[in-house]
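> All I have is the shape, not the residue letters:
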């Protein structure tokens, strides 16, 4: 079984400032890690994922996340946020051989002009 | 480019009524799933299917039924609606289970009064 903890339910940040959204996981098997984003009144979209290989993964819109096995973390970062980044972000985990995604409770990112 | 289509978008039910939430995907994905999203709870898996004729329970299956007679369709049935089932419901599909990108529908907002 696996679980995900997102440490902040809401993160306000000024436009062009950096942001970090924290995610910790627990699992008894090898894990695959994901960040999904949900814009208002929409479904979730995949932002980035870690399956294997390089521990630093990037999205096309400037977000990055680093898989840290020793700290069981997969924090999401962006060096300079934009108004359009306002959304809810979900960290998710699945285990080797599993068909199920386990989601965290989400972090609402509010970018302040 | 329909992707995952959910109907209806909004629904109000009276306690005890039954209804079916529809989900269809046109990407020939084998894996489909239903989640409910509640404030501060993230997404919780209700039921999932790894192919036509195969379904299984997720984290919160009570009060819901599913069937998968075709690859494309995965309806969710509420047998006797209760106020605790007031939620936003998302259907998702993916090609290869949890390690591949999950595509989400736009959601169905259900209110049970």
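Alright, I've got the coordinates. For clarity, every value in this text was computed on a predicted model and none was experimentally measured.
> Quick one: residues contacting the residue nearest in space to the middle of chain A.
What sits nearest the mean C-alpha location of chain A, by Cα atoms, centre = their mean, is residue A:35, with 3.5 Å. Shown in contact with residue A:35 (Cβ atoms under 8 Å, 6 or more residues apart in numbering or on different chains): A:23, A:46-49, A:59, A:63, A:65, A:74, A:76, A:89-92. For glycine as for every other residue, the C-beta is placed from the backbone atoms N, C-alpha and C.
> For residue 23, give me the pLDDT.
I'll assume chain A. Looking at residue A:23, its pLDDT reads 97.
> could you do chain B instead?
Listed pLDDT for residue B:23 reads 98.
> Please identify which helix or strand holds it.
Assigned by DSSP states H and E, residue B:23 belongs to strand B:19-25.
> what does chain B put close to chain A?
Neighbours of chain A within chain B, by Cβ under 8 Å from any Cβ of the partner chain: B:4, B:31, B:33, B:35, B:40-45, B:48, B:50, B:58, B:90, B:92, B:97-99, B:101-102, B:104-107.
> residue ranges with poor pLDDT in chain B?
B:1 (pLDDT under 70).
> remind me, longest strand of it?
The longest strand of chain B (DSSP state E) is strand B:42-51.
> what helix or strand is residue A:110 on?
strand A:107-112.
> pLDDT below threshold where in chain A?
For chain A, counting by pLDDT under 70, not a single residue falls below.
> let's see it at 80
Low-confidence segments of chain A, defined by pLDDT under 80: A:1, A:28-29, A:96-99.
> Strands of that one, residue ranges please.
A:2-6, A:10-14, A:19-21, A:23-27, A:31-38, A:44-50, A:56-58, A:64-68, A:73-78, A:87-95, A:102-103, A:107-112.
> ok, and for stretch B:14-31, which residues are buried?
By neighbour count on 16 or more other Cβ atoms under 10 Å in any protein chain shown, the buried set for stretch B:14-31 is B:21, B:23, B:24, B:25, B:29, B:30, B:31.
> Those: which two are farthest apart?
Greatest spatial distance in these: B:21 and B:30, 20.4 Å, computed using Cβ to Cβ.
> residues touching the residue most central in space within chain B, list them.
Centrality entry for chain B: nearest residue to the mean C-alpha point is residue B:34, 3.0 Å, by Cα atoms, centre = their mean. Applying Cβ under 8 Å, 6+ apart, we find residue B:34 in contact with B:21, B:23, B:45-48, B:58, B:64, B:66, B:74, B:76, B:89-92.
> Compare the residues you listed and tell me which is most surrounded.
Highest neighbour count within these: residue B:74, with 29 neighbours (other Cβ atoms under 10 Å in any protein chain shown).
> Chain B: strands as residue ranges?
Assigned by DSSP E, the strands in chain B fall at B:4-7, B:10-13, B:19-25, B:31-38, B:42-51, B:54-57, B:64-66, B:76-78, B:87-94, B:103-104, B:108-112.
> And the longest one, how far out from the chain middle?
Between the centre of strand B:42-51 and the centre of its chain there are 7 Å (Cα atoms, centre = their mean, to the nearest Å).
> just the shortest one next, same as before
In terms of Cα atoms, centre = their mean, the centre of strand B:103-104 is set 11 Å apart from its chain centre.
> Give me the sheet partners of that strand and which way each runs.
Each strand paired with strand B:103-104, and its direction, by DSSP bridges: strand B:87-94 (antiparallel).
> tilt between the partner strand and strand B:31-38?
Using axes from the mean of the first three to the mean of the last three Cα atoms, to 10 degrees, the inter-axis angle of strand B:87-94 relative to strand B:31-38 is 160 degrees.
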